[in-house]
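In: after the sequence you'll find the predicted model.
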Amino acid sequence: MESSFTHYKEQNVFQNPNRLADFLNNTATYYNSTDIDSHYGKNFMSLDLGFDNNGQESAKHFKLACQTAEILFDLVLISEYFDESLVLLKNARCWTFDDVQSIPLNIRSNTTKQSLPDKTQEKIKNLNQLD
């Protein structure tokens, strides 16, 4: 979420809040579910998997979404664990390491990353329950 806020700052969903904390503390003010860019602000990964990022938020819905993803996808690569994901992909496809060599582009340096307080992390988890 912190990375999305920084990277997609020019999108409608993040244009007005100055800080991620402002967005999280006032989502009713800043977040518009009908905005074309709303997926950047809520359940971004779920949308990538084909789910409605503004869909129902219930334990039953989450369980159905998880079951659906497990049926549809044999392997899901996670960008935060990109190298590890490539190893899993290599093994699943019976490829060699040469097949999965990559050159990292657009990677944020550690100096631009910030540690988020526990309270902020909880707000992010709450907002992105389906993810």
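Out: All right, it came through fine.
In: please tell me how far Glu84 sits from Leu72.
Out: 21 Å (Cβ to Cβ, to the nearest Å). (Glycine included, C-beta is placed from N, CA and C.)
In: please apply the same query to Cys94.
Out: 22 Å.
In: in the helix or strand encompassing Thr29, what's buried?
Out: Per DSSP states H and E: Thr29 is located in helix 27-30. For helix 27-30, a neighbour-count test (16 or more other Cβ atoms under 10 Å) marks 27, 30 as buried.
In: then stretch 35-47?
Out: Across stretch 35-47, burial judged by 16+ other Cβ under 10 Å covers 38-44, 46-47.
In: try stretch 21-34
Out: 23-24, 27, 30-31.
In: could you dump those residues into a markdown table with distance to Thr68 and pLDDT added?
Out: Shown next, in a markdown table, are the buried residues of stretch 21-34 (distance: Cβ to Cβ, whole Å; pLDDT from 0 to 100):
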| residue | distance to Thr68 | pLDDT |
| --- | --- | --- |
| Phe23 | 29 | 93 |
| Leu24 | 28 | 94 |
| Thr27 | 26 | 91 |
| Tyr30 | 30 | 90 |
| Tyr31 | 25 | 91 |
